[in-house]
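1. What follows is a predicted structure for the sequence shown.
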Amino acid sequence: MDGYVPFDLPESLRLGCATASAQIEGNETNHSWYEWSQVREHIADGASSARANQHWDKYEEDLKLMSEMCIREYRFGIEWSRIEPENGVFDDKAMDHYREEIKTMLRYGIRPLVTLHHFSNPLWFEGMGAFLNPASVEIFRRYTAYVIEHLRDLCSEYVTINEPNVYFTNGYVYGTWPPGKKSVFKAFRVLRNMTLCHLHAYRDIHAAYGSDPVKVGFAGHYRVFSPMGKNPVYALEAKVMKYLFQDLMTSAMSTGRLSFPLGFSSPLGKGPFLDFIGINYYTRSTVKHFHETRRPGRPENDLGWEIYPQGLTELVRELYSRYRAPVWITENGTCDKEDRFRASYIYNHIKEIKDNDLPVERYYHWTFIDNFEWAEGESAPFGLVRCNFETQERTIRKSGRFYSEMIECKGVTPGMIDEYL
């Protein structure tokens, strides 16, 4: 068994998968990532988000496959540009489409976790500066109110915003994502407004549900920031990068208290503003001269990201001790085109939860199916299911069968180790 041992899943832990609307739906040309992907140099393989997985038309096929894989927890996204194609103009037919998709999930016994914003903006919103514009807060509240009005009878769990720290870093610091800006000043204006969007949405959703149960949170991208070697300067650099990338965001969006450089106030009063801690975790960042560098001798995935399962334990313990809310791993997965180590990746990260008795209630694998992986296009497969983008044929990978059996067996058996690991 090469060091792998059987284990049972904790009774409180439920396993599922996650996707994002702009990455899988296809056939949508009215959002920022479609426009961005029309410039060949923006996408590693020149792919366009307009193709993706054609999930908008094939959602029933995908949900049936998900059900056959024993997946009963599904985090998915609403595409804002579809339901508000023009400023203040909502498309009830598009919203009805999402209602039918959710009803299909429920028929298959799949519980939906709805993400309201996952990187893509309607073009009209992008054109007005998106989250740089102070009006974005009220616009996002209006959008949220519309979604909740139409989904309140079907759903009771929401992620307001996915990875605001990745959105502002890639879009406004490095300029590698839309809108392609390079301004730290603008980046923190964006984060401030996104924080206000989340705080208001949290309060608004709870108000809409009244005494009915509802859970609302945000999904942050979290990394372990470690210095290269024992140089104290690198250690200080790692702390600064960690604060600016994730600690600042998490504190503001969880407690409602804005700290420098976002502000010095609690504009909506005292929190908390989360019902669960949403953690997207993939890798560790090794820091030297305020840059990420590779750590010699460590395993990496196809994108050069270090595989460091212990980081999940470090982050869960830190965030839980600080915010004392249930922990949901809202994303965790790896890019592995040949499917050589994905099963091992899943095994090792979930075993971290088991062995360290972490207070994790949900684990959503990223992702269900190979998709349009942002700036990587179609070249970076993260899926449990392989997608042939030319034919749109779906094929469950070996790692997908492993994950399916893990859910069905409520753990990992000796036979699964022999077959998959």
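-> Cool, the structure landed. Numbers count the residues shown, from 1 in each chain.

2. can we go C-alpha only for contacts and neighbour counts from here?
-> Fine.

3. Relative to the whole chain's centre, how far out is the helix of greatest length in the chain?
-> In the chain, taking DSSP state H as the definition, the longest helix is helix 184-209. Put simply, helix 184-209 sits 17 Å off its chain's centre (CA atoms, centre = their mean, to the nearest Å).

4. Buried residues in it, which are they?
-> Within helix 184-209, the residues scored as buried using 16 or more other CA atoms under 10 Å are 186-202, 204-205.

5. Tell me where the stretch 1-150 of the chain has helices.
-> Taking DSSP state H, counting those that start in this stretch to define them, one finds helices in the stretch 1-150 of the chain at 21-24, 32-37, 55-68, 80-83, 92-107, 123-127, 136-151.

6. Check residue 62 and give its pLDDT.
-> Residue 62 carries a pLDDT value of 98.

7. Could you pull up the residues touching it?
-> Contact analysis of residue 62 by CA atoms under 8 Å, 6 or more residues apart in numbering lists residue 55.

8. what's the answer for the one 4 residues further on, then?
-> If you count contacts by CA under 8 Å, 6+ apart, residue 66 has them with 72, 368.

9. Go again with 6 Å.
-> If a contact means CA atoms under 6 Å, 6 or more residues apart in numbering, then residue 66 has no contacts.

10. how close does it get to residue 346?
-> Remark: distance between residue 66 and residue 346 (CA to CA, to the nearest Å) = 17 Å.

11. same deal with residue 294?
-> Separation of residue 294 from residue 346 (CA to CA): 22 Å.

12. Which one of those two is surrounded by more residues?
-> Neighbour comparison, residue 294 and residue 346: the larger count goes to residue 346, with 19 against 16 (by other CA atoms under 10 Å).

13. Tell me how far the more buried one lies from residue 196.
-> Distance of residue 346 to residue 196, given as CA to CA: 35 Å.

14. again, but for residue 83
-> 22 Å.

15. Same question for residue 103.
-> From residue 103 to residue 196 the distance is 31 Å (CA to CA).

16. repeat for residue 120
-> If you go by CA to CA, the gap between residue 120 and residue 196 works out to 18 Å.

17. How about residue 123?
-> 21 Å.

18. host element of residue 287?
-> strand 277-288 (DSSP states H and E).

19. so residue 222, which of the three states?
-> strand (DSSP: H, G, I helix; E, B strand; the rest coil).

20. tell me the contacts of it?
-> Neighbours of residue 222 in contact, by CA under 6 Å, 6+ apart: 280, 281.

21. chain center to stretch 248-255: distance?
-> 17 Å.

22. How about residues contacting that stretch?
-> 195, 258, 271, 272, 273, 274.

23. Not including adjacent chain positions, what is the nearest residue to the last one?
-> In this case it means residue 274. residue 217 (4.6 Å; CA to CA, 6 or more residues apart in numbering).

24. any idea of the pLDDT on the one you found?
-> So residue 217 comes in at 98 (pLDDT).

25. element containing it?
-> Counting by DSSP H and E, residue 217 is part of strand 215-227.

26. That strand vs strand 277-288, what angle?
-> Computed by axes from the mean of the first three to the mean of the last three CA atoms, to 10 degrees, the angle separating strand 215-227 from strand 277-288 equals 10 degrees.

27. Strand 215-227 pairs with which strands?
-> strand 157-162 (parallel), strand 277-288 (parallel) (DSSP bridges).

28. now that strand and helix 184-209, what's the angle there?
-> 150 degrees.

29. following strand 215-227, which helix or strand comes up?
-> Following strand 215-227 in sequence, per DSSP H and E, is helix 232-242.

30. Check which residues of that next one are buried.
-> Quick answer for helix 232-242 (16+ other CA under 10 Å): 234, 235, 237, 238, 239, 241, 242.

31. What is the most widely separated pair among these?
-> The most widely separated members of those, counting by CA to CA, are 234 and 242 (12.2 Å).

32. any chance of the buried residues of helix 232-242 in TSV, with distance to residue 116 too?
-> Listed next are these as TSV, based on distance: CA to CA, whole Å:
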residue	distance to residue 116
234	37
235	36
237	33
238	31
239	31
241	27
242	26
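
33. Give the other helices and strands that the helix or strand of the chain at the bottom of the mean pLDDT ranking contacts.
-> When each helix and strand of the chain is scored by mean pLDDT, DSSP states H and E, strand 291-293 comes last, with a mean of 94. In terms of contacts (3 or more CA pairs under 6 Å, 6 or more residues apart in numbering; DSSP states H and E), strand 291-293 is packed against strand 277-288.

34. by how many degrees do the strand it packs on and helix 232-242 diverge?
-> Going by the same axes, to 10 degrees, strand 277-288 makes 150 degrees with helix 232-242.

35. Would you reformat the strands paired with strand 215-227 as TSV and include distance to residue 132 and mean neighbour count?
-> Shown next, in TSV, are the strands paired with strand 215-227 (distance: least, CA to CA, whole Å; neighbours: other CA atoms under 10 Å):
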stretch	distance to residue 132	mean neighbour count
strand 157-162	15	23
strand 277-288	24	24
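
36. Compare the ones you listed and report which one is nearest to residue 93.
-> strand 157-162 (21.5 Å).

37. could you point out which element follows the closest one?
-> Scanning forward in sequence from strand 157-162 by DSSP H and E, the next helix or strand is helix 164-172.

38. neighbouring contacts of that next one?
-> 176, 177, 178, 179, 180, 181, 182, 183, 187.

39. which residues sit in contact with the third one?
-> The contact partners of residue 178, by CA under 6 Å, 6+ apart, come to residue 171.

40. do the first one as well
-> Applying CA under 6 Å, 6+ apart, one finds that residue 176 lies in contact with residue 170.

41. What pLDDT is listed against it?
-> For residue 176, the pLDDT comes out at 98.

42. Distance of it relative to residue 3?
-> Distance from residue 176 to residue 3, by CA to CA: 40 Å.

43. for the second one, same thing?
-> For residue 177, the distance to residue 3 under the criterion CA to CA works out to 41 Å.

44. more crowded one of these two?
-> Neighbours per residue (other CA under 10 Å) separate residue 177 from residue 3, with residue 177 holding more: 24 against 6.

45. how about the nearest residue to the more buried one, chain neighbours excluded?
-> Using CA to CA, 6+ apart, the nearest residue to residue 177 is residue 171, at 4.6 Å.
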